[in-house]
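Participant: this one's structure only:
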């Protein structure tokens, strides 16, 4: 009878908090892109990619969080590994919004830095949980 529980409570809490924070991040970033497009001379060729990155990131966030929750609660490394892979893609998209979108405001820097810190912490906890499940 193996009653040891391997799923990670800190990871579960962080996934939940990240889900809520991402909704705020998405809405705030969308509002700032709209604001910047009105206030600054936003080149039309750059508005679409900036919005596309934000929306692709939002679409990826759903399976990323779902697989993270599922993998952690069922103590299965495959969904957790897939979630980790999606986190890497989300980090790249977040770095784009942090460094390469047309106009970067201090609020963009703050929001993206918080999101990247959360992704980093979450990734560390995922790797630790996967190691626990595999051993």
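Facilitator: Great, that's in hand. Since we're looking at a predicted model, the values are computed, not measured. Residues are numbered from 1 along each chain as shown.

Participant: contacting residues around the residue nearest in space to the middle of the chain?
Facilitator: For the chain, the residue sitting closest to the mean C-alpha position, by Cα atoms, centre = their mean, is residue 90 at 5.1 Å. Shown in contact with residue 90 (Cβ atoms under 8 Å, 6 or more residues apart in numbering): 57, 60-61, 64, 119. All C-beta spots, glycine's among them, are computed from the backbone N, C-alpha and C.

Participant: let's see 6 Å
Facilitator: Going by Cβ atoms under 6 Å, 6 or more residues apart in numbering, residue 90 touches 57, 60.

Participant: just residue 15 next, same as before
Facilitator: Contacts for residue 15 (Cβ under 6 Å, 6+ apart) come out as 65, 68-69.

Participant: Residue 33: how many residues sit nearby?
Facilitator: 21 (other Cβ atoms under 10 Å).

Participant: what about the helix or strand where residue 97 lies, average pLDDT?
Facilitator: In this assignment (DSSP states H and E), residue 97 forms part of helix 77-99. Across helix 77-99, pLDDT averages out at 97.

Participant: Give the other helices and strands that the helix or strand that that helix is followed by contacts.
Facilitator: Using DSSP H and E, the helix or strand that follows helix 77-99 in sequence is helix 106-134. Judged by 3 or more Cβ pairs under 6 Å, 6 or more residues apart in numbering; DSSP states H and E, helix 106-134 is in contact with helix 9-39, helix 77-99.

Participant: just the angle between helix 106-134 and helix 9-39, please?
Facilitator: Angle between the axes of helix 106-134 and helix 9-39 is 150 degrees (criterion: axes from the mean of the first three to the mean of the last three Cα atoms, to 10 degrees).
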